[in-house]
Structures are given as structure tokens and as C-alpha cells.
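Colleague: let me see the structure of the following:
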Amino acid sequence: MPILSRGSDQDYSNISYNSCNSLSHFIPICVETPSVKGVHYQRARRIYHPDQVSAADLKTEIMINVGGMKYLLPWSTLDDFPLTRLSKLKLCSSYEEIIQLCDDYDEDTHEFFFDRNPNAFGMIVSFLAAGKLMLLRDMCALSFQEELRYWGIEESNLENCCFRKLFQKLQELAEIRKEEELRRSKEATCVLDEKTRFGQFMNRLRDMVENPQSGLPGKVFACLSILFVATTAVSLCVSTMPDLRAEEDRGECSQKCYYIFVIETICVAWFSLEFLLRFIQARSKCQFFKGPLNIIDFLAISPYYASLIFSEDDSNEEDDRPSSSSNTYLEKVGLVLRVLRALRILYVMRLARHSLGLQTLGLTVRKCTREFGLLLLFLCVAVTLFSPLVYLAENESGRVLEFTSIPASYWWAIISMTTVGYGDMVPRSVPGQMVALSSILSGILIMSFPATSIFHTFSHSYSELRKEHERLQSQLNRAKNANRAGESDTFNETDSLILEEQASPIKYIYTGN
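Modeller: Predicted coordinates for the structure are as follows:
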């Protein structure tokens, strides 16, 4: 069918839908796998009309009704899968044995009834007929796995893409069950602890320290913790001002320095109290010290006490040392104190206890260790590739003022591939600039490869943590409502007793003088 154009003398007869020569360069040729005609139809077919049932040979075929959908499968098809539920029906000799394998059986029509998902069974019939088993897009992978187990088909028969999806769902289910077991064990211990006054006190302390949404004490405790963290960060920044640093180097202590020390002491006292309360309310003391946030708290608190110890030792041993050795000792002690004071910035990490975003960031880093490892590997390979190239390009042009060696070029390669570009090392020659362009483009591609996976992990982790917080909040609200309902029931019982006593008053006989 040629395409005709009015008012044109050009011949368009070679362009038609029957001729695909013009598209053969763009569309790859797909070779169809040869198949024997009629085999798939003979191995399994679905019944749409009652006339097909009357024409079927029920001696060589089995009629199955799954959720209202009828299928005819030859016994020869089921012989290829002897471990399936359907093939076991061939070995049944009585009605009782048949009922153990199916939900119902009609002896008149020889029809087997199964109250299962008909869509999932359609995929299983396709597998029995064609030998390919795939997941349903509109069905949960775990539900489809239950259907496979019911019909006696192994999950290993799934295609590779579907099997990976099922394996991922199984891993997520294992994590959810593990978290559920931990939650149930905690709830069981809470129920046992609530029977005593000490247990009730510990539960209230635990809610105040660990759950800011538990009530007013938890919110006040969280706000105070955030306030002291902000105060510590501000005092750390102020202590690095030039005038205060000069006074510290001279060994002097002005009024400002004294105020900063007092503020730091108050903040450390609060953090120490908070650390002690968290340690007291912890059910497992060993697990408490294994927590990453608890380790950060300990590392943030310890520099203050270590600086006090070093300052006391310095004042005691300064008089016993000679002048030459005392100066070196003071320099070492001063270096240790400066390093310990710099660790106070770890107080900022305490905000992760009260920030869902920071918790999600930590969970994402823990889950994406493989992606970060691949990113680091890609960067290392690219850096070792582009550093010698830019060194050779600049060395051949005679401009080696900045790129003095290959190890010195590593810094330039890292800065260029991460698209930071400080400008301290710049290639001047044309070959060096071409290498720089290649390194920048390679860095953009390398950084973008794992970024998508990390982003999806972050969004998934954020939704999981948010749902977990909502679930805990709903459980807390239900517990509060249950306690209020119990108190109201107690009040109602007390009121009923008072009314009964008023209805039948007790008569007292006066026997006094």
C-alpha cells in the first residue's frame, strides 16, 4: 500500500508497511523459538462453555474448578510434575482421600473444586503447560508463594527476575518478624514489670527518656536535651574566638572564659544525668553499651572529665619537672586537651534521638554499605587512572609547578571528580584540560550510579520509621484509653456500691451512756 502525495512526482512506492528495510537498521531482529503446534493446547486449556465439558474425555483428562474457573488438564501433563497436589489426585482411590487434597468433589461430573485464588492458578496452569512460572503484578509475592506451596510447586521454578523479587520480600518479612519478636519480648517484660511499683516507675522513666511522645514529661525531657545540645554547640564555637584562644595560650582565664567553663560544666552535668538515666532504665546493660548513640554519648562526655584529670596532673607534676622537660610535657598535655575538647562536637549527634530524619540517615548508611563501598571503589579506580594522565599531560607541556608528582595529582583528581573544584591545582595545557574534562564527566557518571539506589533506600527507610512511630503512638494511645476505661469502670463499681448502701442503710444501735 504505497503512500501517495498530491502534486509530487517523487516515487513513494518503496515506502510501505510491507517493507521494513528502512527500519531494519534500528530494530533488532527477534528470532522466534520454534515450538510444536498444539502441544500447549493439549497440555492444559480453560473451559469457557459447557459444551466443552461434554466433549471432554474425563478418563484421560481431569477437570478442575478453582474459584469458579474451570480447566481441563490431561493426566499426562500432571505426570511430569509428580509432587504437585493435582498429580496426587491420580493416586486417590476413595472419596475420603480426594477430600484431603481438594475442597469438594462432584462424583457425577468428576469435577474437583478448590477454593483458591483463580488468578494465581492461571499462572500455575501456564507453568504446567509452557514451563515458565512468573509472578503476578497485581498480587503480593508472599501470597503467590503460599499458592505455590499449596499446589506443591517449588519457588526455584520461578524466573530469575521474579525469584529475586520474592527473595527480597522474604528478607523484608524476616526483618519485620525479628522486630516484632523484639517488640513482643519488650511488651512481655513491661507486663511483668508493671505488677510492682518499681516496675511501674521504670516504665515511666523509660517512656520519659526514650519516647518523647509518651506525655508531658517526655516532651520536656526532649526539649531540655535539645536545648543543652544547642548551648554546647554555641559555647564550643565561642571558645574558639581569637581573644579567648590568646588568653588560653597565655595560661590566663578571664571572666568570659570562666562563664564558658561554667556553661560547659552545667551542660556536661545534664548529659551525665541523662546518660545515667538511660543506663538505669535499660533492660540489658550489655546491649546498652553496644548501642551506637550510647557510644557517641560516652565519647562526648568523657573529654570533659579527662581534661579535668589532665589539668590536675599537670598542676601536680609541673613543679617536679625541670624547665626543659616541663615545656614539652605541657605541649603534649595541651595537644591532648585540644583534641578532647574538639570531641565535644559529638554532642550534635545526640539530636538523632529526637530527629526522625537523622535516624533515617543512619539507617540508610547502615543498609547501603555495599553501595558506598562500590562508590569508593569506582572513585579509587578513576583517581588512579586520571592522576597519571594529568601529570603526564602537564609534564610534557613543561608546566609542572602544581602537578609535581602523581601522588600530588591524586588530590586534584578527587576534587575534580566530585565536582568541588577548589582551584588550587589547575591544568594549563590543552591535553591537561581534556583530561580534566574527562575526569569531571566520569565523576558525574560515577556519583550518579549508586545515588538512585541510595535515594530509594532512604525514602523506604523514612516511610518505615514513620509508620513505626505512628504504630507506637497508636499503641500508646490505646493503652492510655484502656487505663482510662479501667478507671471509669472502677468508679462505676464504686458508685454502684454507694447506691446499694443508700438503698439498704445499716442501722447502728447506740449503747453509750
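Colleague: from here on, contacts and neighbour counts on C-alpha atoms
Modeller: Noted.
Colleague: and I260, how far from Y347?
Modeller: I260 sits 16 Å away from Y347, going by C-alpha to C-alpha, to the nearest Å.
Colleague: which of the two has more neighbours?
Modeller: Legend: neighbour count by other C-alpha atoms under 10 Å for I260 and Y347, higher for Y347 (22 against 17).
Colleague: what about the protein, any weak spots by pLDDT?
Modeller: Counting by pLDDT under 70, the low-confidence segments of the chain come to 1-45, 48-58, 83, 186-195, 247-253, 310-344, 398-401, 476, 479-480, 482-513.
Colleague: how close does the most centrally placed residue in it get to C368?
Modeller: The residue lying closest to the centre of the chain (C-alpha atoms, centre = their mean) is S461, at 3.8 Å. To C368, S461 is 11 Å away according to C-alpha to C-alpha.
Colleague: same deal with L227?
Modeller: L227 is 32 Å from C368, by C-alpha to C-alpha.
Colleague: now do N157
Modeller: 30 Å.
Colleague: so which of the two has more stuff around it?
Modeller: C368 (18 against 14).
Colleague: got the contact list for the more buried one?
Modeller: Listed by C-alpha atoms under 8 Å, 6 or more residues apart in numbering, the contact set of C368 reads 454, 457.
Colleague: so L72 is in which element?
Modeller: strand 69-74 (DSSP states H and E).
Colleague: packing partners for that strand?
Modeller: Here strand 69-74 touches helix 39-43, strand 45-47, strand 61-66, going by 3 or more C-alpha pairs under 8 Å, 6 or more residues apart in numbering; DSSP states H and E.
Colleague: would you map the helices across the stretch 51-200 of the chain?
Modeller: Secondary structure of the stretch 51-200 of the chain (DSSP state H, counting those that start in this stretch): helices at 75-79, 85-88, 95-99, 118-130, 141-151, 160-193, 197-210.
Colleague: which of the ones you listed sits closest to E394?
Modeller: Shortest distance between E394 and the helices of the stretch 51-200 of the chain, using C-alpha to C-alpha, is found for helix 160-193: 48.7 Å.
Colleague: mind giving me the packing neighbours of the closest one?
Modeller: Using 3+ C-alpha pairs under 8 Å, 6+ apart: helix 160-193 touches helix 141-151, helix 197-210.
Colleague: how about T109, phi and psi?
Modeller: The phi/psi pair for T109 (degrees, to the nearest 10) reads phi -100, psi 0.
Colleague: what number of residues lie near it?
Modeller: T109, neighbours per other C-alpha under 10 Å, totals 11.
Colleague: please report how far it lies from C223.
Modeller: Look at T109 and C223: by C-alpha to C-alpha, they are 74 Å apart.
Colleague: can you check R85 too?
Modeller: Taking C-alpha to C-alpha, one finds R85 at 61 Å from C223.
Colleague: swap in L89?
Modeller: 68 Å.
Colleague: same check on F449?
Modeller: According to C-alpha to C-alpha, F449 and C223 sit 40 Å apart.
Colleague: ok, now Y259?
Modeller: When Y259 is compared with C223 (using C-alpha to C-alpha), they lie 23 Å apart.
Colleague: again, but for G357
Modeller: Taken as C-alpha to C-alpha, the span from G357 to C223 is 17 Å.
Colleague: you'd agree T404 is in a strand?
Modeller: No. Secondary structure of T404 (DSSP: H, G, I helix; E, B strand; the rest coil): coil, not part of a strand.
Colleague: what sits against it?
Modeller: Contacts of T404 (C-alpha under 8 Å, 6+ apart): Y391.
Colleague: one more: Q145?
Modeller: Going by C-alpha under 8 Å, 6+ apart, Q145 touches E155.
Colleague: again, but for the one 5 residues further on
Modeller: Contacts for Y150 were tallied using C-alpha under 8 Å, 6+ apart; they are R85.
Colleague: which residues in the stretch 401-513 of the chain form helices?
Modeller: 406-417, 430-503.
Colleague: then the stretch 201-350 of the chain?
Modeller: With DSSP H, counting those that start in this stretch as the criterion, the stretch 201-350 of the chain has helices spanning 216-238, 242-250, 255-281, 285-290, 292-317, 323-342.
Colleague: closest to E96 out of the ones you listed?
Modeller: The closest of the helices of the stretch 201-350 of the chain to E96 is helix 285-290. By C-alpha to C-alpha, the value is 55.2 Å.
Colleague: may I have the closest one as CSV, with CA atoms only?
Modeller: In CSV, the C-alpha atoms belonging to helix 285-290 read as follows (Å, rounded to 0.1, in the frame of the first residue of the first chain):
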residue,chain,number,x,y,z
LYS,A,285,23.2,-3.3,80.4
CYS,A,286,25.5,-5.1,77.9
GLN,A,287,23.2,-4.2,74.9
PHE,A,288,23.2,-0.6,76.2
PHE,A,289,26.9,-0.1,75.7
LYS,A,290,26.7,-1.7,72.2
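Colleague: return the distance of that helix from the chain's centre.
Modeller: Its chain's C-alpha centre lies 23 Å from the corresponding centre of helix 285-290 when counted by C-alpha atoms, centre = their mean, to the nearest Å.
Colleague: check which residues of that helix are buried.
Modeller: If you call a residue buried by 16 or more other C-alpha atoms under 10 Å, then helix 285-290 has these buried ones: F288.
Colleague: do the same with stretch 372-392
Modeller: The neighbour-count check on stretch 372-392 (16+ other C-alpha under 10 Å) flags 372, 375, 378-379, 382-384, 386-392 as buried.
Colleague: could you do stretch 228-236 as well?
Modeller: Residues of stretch 228-236 classed as buried by neighbour count (16+ other C-alpha under 10 Å): 228-230, 232-233, 235-236.
Colleague: surely L133 meets S156?
Modeller: No. If you go by C-alpha atoms under 8 Å, L133 and S156 don't touch, sitting 9.5 Å apart.
Colleague: so for those two, which sits in the more crowded spot?
Modeller: L133 (21 against 9).
Colleague: ok, that one - contacts?
Modeller: 123-124, 126-127, 157-159 are the contacts of L133 under C-alpha under 8 Å, 6+ apart.
Colleague: kindly report the same for F198.
Modeller: F198 neighbours (C-alpha under 8 Å, 6+ apart): none.
Colleague: all further residue positions should be reported with the first residue as 373.
Modeller: Shifting the count to begin at 373 puts that one at F570.
Colleague: mind checking how far it is from A780?
Modeller: Distance, F570 to A780, using C-alpha to C-alpha: 64 Å.
Colleague: what do you get for M574?
Modeller: Plainly put, M574 is 58 Å away from A780 if you go by C-alpha to C-alpha.
Colleague: more neighbours, those two?
Modeller: M574 (19 against 14).
Colleague: that one and Q653 touch, don't they?
Modeller: Yes. The criterion here is C-alpha under 8 Å, and M574 meets it with Q653 at 6.0 Å.
Colleague: picking that back up, now the two most distant members of the buried residues of stretch 600-608.
Modeller: F600 and L608, at 12.1 Å, using C-alpha to C-alpha across the buried residues of stretch 600-608.
Colleague: can you pull the contacts of L718?
Modeller: By C-alpha under 8 Å, 6+ apart, the contact set of L718 is 668-669, 671-672.
Colleague: can you add neighbour count and distance to G587 and give those residues back as JSON lines?
Modeller: Output for the contacts of L718, formatted as JSON lines (neighbours: other C-alpha atoms under 10 Å; distance: C-alpha to C-alpha, whole Å):
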{"residue": "I668", "neighbour count": "16", "distance to G587": "26"}
{"residue": "D669", "neighbour count": "21", "distance to G587": "24"}
{"residue": "L671", "neighbour count": "16", "distance to G587": "30"}
{"residue": "A672", "neighbour count": "24", "distance to G587": "28"}
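Colleague: many thanks, have a good one.
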